[in-house]
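**Q** predicted coordinates and the sequence they were generated for:
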Amino acid sequence: MLAGVGIAKSFGPVQVLFGVDFAVDAGEVHALVGENGAGKSTLMKILAGYQPASSGTILVNGTPVSLRNSEVAERHGIVMIHQEFNLAETMTVAENIFLGREIIRRCLIDRPAMRQASARVLAELECSVDPDARISDLSVSEKQMVEIAKAVSRDVRVLIMDEPTAVLTGAETEVLFRLIRRLTTQGVGVVYISHKLNEVKAISDRVTVLRDGRLIVTEATGAVTPDDIARLMVGRDMSDMYPQQHRPSDNAPVVLTVEGVSVPGWVEGASFDLRRGEILGFAGLIGAGRTELMEGVVGLRSRSAGRVTAGGAKSIRSYDEAIAAGIAYLTEDRKKRGLLVDKPLTPNLTLLALPRYGRIFIDLAAEREAMDKAIDAFEIKASDIEMKVSSLSGGNQQKLLLAKIMQVEPKILIVDEPTRGIDVGTKHQIYLFLDEFARAGGSVIVISSEMPELIGLAHRVVVMREGRVTGALTGGDIDETNIVRYATGLSGVGADA
Amino acid sequence: MPEPSHAAHRASSARRRADLKAFGPFIALAALIVLGAVVNPVFLTPGNLINVLTRTAFTGIIAIGGTFIITTGGIDLSVGSLAAFASGIMIIVMNALTPQGLPPFLVVLLGTLAVMALSVFSGLVNGLLITRGRIEPFIVTLGTMGIFRSLVTYAANGGTLSLNTQIRGYYRPVYYGDILGITYPILVFAVVAAIGAIVLYRTRFGRYVTATGANEEVARYSAIHVDRIKLAAYGLQGLCVGLAVFLYVPRLGSASATTGLGWELEAIAAVIIGGTLMKGGSARIWGTVAGAIILALIDNILNLTGAISVYLNSAIQGCIIIIAVLVQRDAKSRP
Amino acid sequence: MPEPSHAAHRASSARRRADLKAFGPFIALAALIVLGAVVNPVFLTPGNLINVLTRTAFTGIIAIGGTFIITTGGIDLSVGSLAAFASGIMIIVMNALTPQGLPPFLVVLLGTLAVMALSVFSGLVNGLLITRGRIEPFIVTLGTMGIFRSLVTYAANGGTLSLNTQIRGYYRPVYYGDILGITYPILVFAVVAAIGAIVLYRTRFGRYVTATGANEEVARYSAIHVDRIKLAAYGLQGLCVGLAVFLYVPRLGSASATTGLGWELEAIAAVIIGGTLMKGGSARIWGTVAGAIILALIDNILNLTGAISVYLNSAIQGCIIIIAVLVQRDAKSRP
Amino acid sequence: GAADKKVLGVSIPAATHGWAGGLNWHAQQAKIELEKKYPDLTIALVTAGDATRQANDLEDLVQVRKIDALVILPFESAPLTEPVRQVKNAGKWVTIVDRGLTDPSIQDLYVAGNNPQMGTNSADFMVKKLGGKGNIVILRGIPTVIDNQRFDAFMDVVKKTDIKVLDSKYANWNRDDGFKVMQDFLARFPKIDAVWAQDDDITLGVIEAVKQAGRDKDMWILGGAGMKEMIKRVMDKDTLVPADVLYPPKMIADAMELTAKHLMEGAKLEKQYIIDATLVTPDNAKQYYYPDSSF
Ligand SMILES: Nc1ncnc2c1ncn2[C@@H]1O[C@H](COP(=O)(O)OP(=O)(O)OP(=O)(O)O)[C@@H](O)[C@H]1O
Ligand SMILES: Nc1ncnc2c1ncn2[C@@H]1O[C@H](COP(=O)(O)OP(=O)(O)OP(=O)(O)O)[C@@H](O)[C@H]1O
Ligand SMILES: [Mg+2]
Ligand SMILES: [Mg+2]
């Protein structure tokens, strides 16, 4: 249906794609996998008309076409959901969903019709977002659902999804899969980019592996295991994904105490504590309020009640105080809150920890050195150190963000969706990194929508539902069924009778 | 609080906040009206209010166009100069046509057409320099601001261009005439605002204007021709200036280097006081209307009292503007 | 191409592109100098160039402060009025101190301190209204623009405040004096620009200013006190205005309602012509310096020739400004 | 020969309001005529939008235009005193027009309009026509020394009579502001016998406002400067505009002519030429009517 033959792409002197062939047929789900920076997003942007290829041919139904821009591509029924959000923040959900193809009645925009149509698509996605809500008021996962709604509400024949589930929980992923299956039965071809290989295994018919801008293989998914895929991606055998768990001793000192924290509108009286050397997971469905709780804990959001103490007697009220107490928070929204995407890598890396680079003047040499170290330590792939962050691949941006947070050498690390958009190989390294961090006496709070991640990594898991802590699981109790029971209100505090 | 209403509550409270936000300028307006009534009972007489509203029409109409510009994330500093230039050309054209023995209606019509064409063209020139030339709107319109004003000064030989008295008599009612006590400029202003609101909120073009200002990249990805939208917005601003000139010329029947001086700041202030965001992406046409009226009322109230040293006029003006906006910010932040 | 040089080549080409961009304003400046030399050979005489640069100092120094403001994503329309107000207060203070029999040095020093305190305070008031009051900078500074100008009018009773001639004689060299032919205002301007560049590019504060303008939310999540940074930027702008006033007062020795009229637009224009982005997050101090000089040169070149109708002065000015920016845009887009 | 070539520098405010526009027109007219009359004379005419820019212009005139003499109508007196002194110190002839410097010893020639006299003459006429009593409103110019001089002189006269000044506001020598302020005065004061608008640009706006309110039979307006439309009205015995007080922008042309004459012919000049703020009434209006002027 849609095919690229010999697609090559260079940014200036840097070549990122080398003669890649890729095709998606009607009614199939074709997964595209590869390491961070392998060129997946770039390839798809070319096939969807967002970027011109340096060379190569694009075929639609066997005829060569020139996709000058996304408008032309869309006329061919090619629709792409981007890895980074493409929503106008000051506009409403319905306005965004229909942007560029408003429903017109008697020369005017038919708002009720658009609202209804949006509500219908959102309902199909089992998403409870109000079509009249402003995008800026939504959480990342809700934004992602809006992106999906925006794409599928179009007249689509080829749907390209660039890591749609990076910020979605299991339940939503299920909904998405049902939607994909329905689309394929209608003859829609789907390209599915993901770093979650079990998802790839579950949903796709074929899988293509890209490494360093080169096509490695295209296979029927049935013929390979997730481990095979991982090996093809990174070019070597993958060891165990999660590090060997070590439990911190029960009498390890408590380093962070959170008592009755309420964040107006989002969180009601949440309490928990964190021990030295512990990795504490936070689970919950979208909208459970985990992000808001943590932002309230570190002082980035105002609290209406509650105390947060870390060693000292004084309650932490501002992000400054949190940083001073050795707490650092990694945001889930890297584009809006994490990185200055129009700036080069170095100023981004040191922004949070800038006081460490001089009281008044910045030690540029030290900064450069830190950058080099970070590139090594986090394997950030950047063709030019002076390039803008927005030119980094999604996964490399995430690595940079993690490196930025680590610059303050925190004792307590709160990471919100830390592996969002990270490839399997690097994910493994991040897990190792967090584990080592905890072993060395640090403490970690992990908010994750990936259940296996929490189960594999956390010593203890706190579950939230609709702004309240509903329970905590330890040891052998940490499994999917339990988490889901607490997260959906079948067990725990406030369980539905 | 019962569980199910949790999310609903959040959403509705957000909406309530948004509503209050939209009401901000009107609250400030109401406060100002009360102040006016206290300062001098004459303030509330229909005669005075009609006068003030009629005067508001020029900058008000220009500010409607300005709302579009600012919503795209741009700015137009040239509107006041353009108004002067267009007034001058309109007078020259009509003066040239009058001796030809054409019926006055036709003279005014042709003059008006000339003015509209000129204004839209000038707006488009701004737009082209901004979109094709990739120059900051601030610089482009600062440049054309000087150019237009120079041109009218040149056309008037440094002095005044005066409309032929004969045609003036015919054209005069366009400013001074009324229907049931409401003068034409007020009516035109109301109609322009209504059309502006419909275009901005109910048409594709309006939606694209908002999207362009909200996020150009997203707009481009949604197959919106961002440059064309911006160009059209500047053209529209030109059209609004043309309309304002059409209403302005019959008032004094003349144009000079001082015509329209400072209208650009007044128009922009009206837009911002009305609640439109300077950075673009969010528009409030009716807020702009309120903003324009607020600015006119401040002048009026100051003229209606002798209590304040004339030297301090602009200080009072400045304070009221800031307070008017503070009032709405306050109204907004209340839950 | 052998592999190892690959990366090096890449880096250098990117850097070259960035360099060209930064050179834009300087190319425009060079073009203007050539134009001046062609129009009148006297243009290139040291006497003329020194004159022009000396004049540039006022708005130039203000524009350095403006670069910080605009980099945070703000704007300050009140600088011209503040300059007038501060000049007035400085004159009043010095006039009041002179009869006290203090040594002139002390009189000037106290006057200067008063002016600095007042200017910084006024800048901070702007900053507070913007950060605490959550009002658009455009509105706040439009308001204070009126307020400051009113206050100087009031202080001067609608007329002119003139500096005591006795102290004037002593103070005069601050504008007219020189070291090796370079006048003090030029030296101060150069020093302020250098300090500005160091602060903006090499200090934490400068980095925070840029981050705030680039993305306020990211800055907040990086533990930056966005409000304090903005406040400091407005305070800094005040300081720059104070310095400009310190150099300005000995020149004309008086202040009135028309002092510093239009300096705000000139300062902003200098910043934008220099390549700083209006939307914030990207600063070019040396570009601003070039921008300020460009604007002064345009005036100067217009005075070099009698070929153009005086009515068209601002038209030529407008055209040159637009062309100057077009030139740099062009230089940028070339590979 | 080249030695005889002379440059006369003329620095005036830009045409930002009616009177200044007239000034520009007359200056340009005079430039054309004088350059024709004296082939060896070049006139460098520059205009400035504010005092600072005018000071810049002076530097440029001396430095790059190499003038031999300067005719200047200062934006404001005090701020330009020092810059003009610099010109004088550079050995140039200096003619000051209209607004005297704070140090009169600088000037070689002073061609003066008389602002206080304008206020006094206006007040005298008003007192006479009103019979020493009545209600008046005043529309002032922009806050400057000139405006203060006119206003203070006017008030000195009026204070001694039973004329009541209801209020005075700035109308910025701008007809739109004149219209606006007058509309509000009309709304505020039910009984106004006369208006002192001080400037014919403002008068234009005032007339329209008064007409609109239908009160053109109840009051009359006294402007000033000698705009041709106003002189015409006076000539035509318009009851709304019974008189005008001259403040002719043509004074710049006179000053240029005198200076040129001195420069080219070595003519001896008086130290001072005062141009009176003559009261224009229907009797003498004809001689002040220049229908071709832009002002
Ligand atoms: N505009 C650009 N300028 C320069 N280099 C770019 C640009 N866009 C992408 N690149 C580079 O192209 C390479 C491929 O990026 P791409 O985004 O396609 O990777 P990806 O496979 O999608 O990775 P991820 O899994 O992290 O999203 C990266 O090295 C990236 O830095
Ligand atoms: N600015 C806002 N205004 C109104 N509601 C908001 C806003 N931001 C978030 N919410 C709501 O708050 C709830 C909690 O947010 P969020 O989805 O981030 O929680 P979470 O537990 O972190 O979930 P996630 O898995 O998505 O990170 C959501 O229902 C969301 O709609
Ligand atoms: Mg990608
Ligand atoms: Mg979250």
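**A** Cool, the structure landed. Ligands and ions are numbered 1, 2, ... in the order given.
**Q** then stretch B:96-104 to PDB, C-alphas only?
**A** C-alpha atoms of stretch B:96-104 as PDB (Å, rounded to 0.1, in the frame of the first residue of the first chain):
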ATOM      1  CA  ALA B  96      -9.900  65.400  -7.500                       C
ATOM      2  CA  LEU B  97     -13.200  63.700  -8.400                       C
ATOM      3  CA  THR B  98     -15.600  66.500  -7.200                       C
ATOM      4  CA  PRO B  99     -14.900  69.000 -10.000                       C
ATOM      5  CA  GLN B 100     -15.600  66.200 -12.600                       C
ATOM      6  CA  GLY B 101     -19.300  66.800 -11.900                       C
ATOM      7  CA  LEU B 102     -19.900  63.300 -10.600                       C
ATOM      8  CA  PRO B 103     -22.800  62.800  -8.200                       C
ATOM      9  CA  PRO B 104     -21.500  63.100  -4.600                       C
END
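**Q** ok, and what's touching it?
**A** For stretch B:96-104, the surrounding residues in contact (CB atoms under 8 Å, 6 or more residues apart in numbering or on different chains) are B:106-107, B:110-111, B:164, B:166-167, B:170-171. Bear in mind the C-beta positions are built from the backbone N, C-alpha and C, glycine included.
**Q** that stretch: which residues count as buried?
**A** B:97-98, B:104 (16 or more other CB atoms under 10 Å in any protein chain shown).
**Q** now, those that are in helices?
**A** Under the assignment DSSP state H, the buried residues of stretch B:96-104 contribute B:97, B:104 to helices.
**Q** in the contacts of stretch B:96-104, find the pair that's most separated.
**A** Spanning the widest gap among the contacts of stretch B:96-104 are B:L110 and B:Q166, at 15.2 Å by CB to CB.
**Q** could you list the low-confidence segments of the stretch 151-300 of chain A?
**A** A:236-241 (pLDDT under 70).
**Q** helix, strand or coil for the closest residue to chain C within it?
**A** Using CB to the nearest CB, the closest approach of the stretch 151-300 of chain A to chain C is made by A:L300 at 6.5 Å. Three-state assignment for A:L300 (DSSP: H, G, I helix; E, B strand; the rest coil): coil.
**Q** most neighbours out of the contacts of stretch B:96-104, which is it?
**A** B:G111 (26 neighbours; other CB atoms under 10 Å in any protein chain shown).
**Q** so that residue sits right up against B:M90, yeah?
**A** Yes: using CB atoms under 8 Å, B:G111 is in contact with B:M90, at 4.9 Å.
**Q** tally up the residues packed near the nearest residue to A:G100 once chain neighbours are set aside, please.
**A** When the adjacent residues along the chain are set aside, A:G100 lies closest to B:S222, with 3.4 Å between them (CB to CB, 6 or more residues apart in numbering or on different chains). For B:S222, the neighbour count with other CB under 10 Å is 23.
**Q** and B:S222, what does it touch?
**A** Applying CB under 8 Å, 6+ apart, the residues contacting B:S222 are A:99-100, B:211.
**Q** try A:A366
**A** A:Y357.
**Q** could you redo the last one with a cut-off of 10 Å?
**A** Listed by CB atoms under 10 Å, 6 or more residues apart in numbering or on different chains, the contact set of A:A366 reads A:350, A:356-358.
**Q** run the contact check for the helix or strand where it lies versus ligand 1.
**A** Under the criterion DSSP states H and E, the helix or strand holding A:A366 is helix A:364-377. No: Helix A:364-377 is not in contact with ligand 1 by CB under 6 Å from any ligand atom; minimum separation 12.5 Å.
**Q** how about the strands in the stretch 151-295 of chain D?
**A** When secondary structure is read from DSSP state E, counting those that start in this stretch, the stretch 151-295 of chain D shows strands at D:162-170, D:194-196, D:220-222, D:244-245, D:272-275, D:279-280.
**Q** right, I'll call it a day here.
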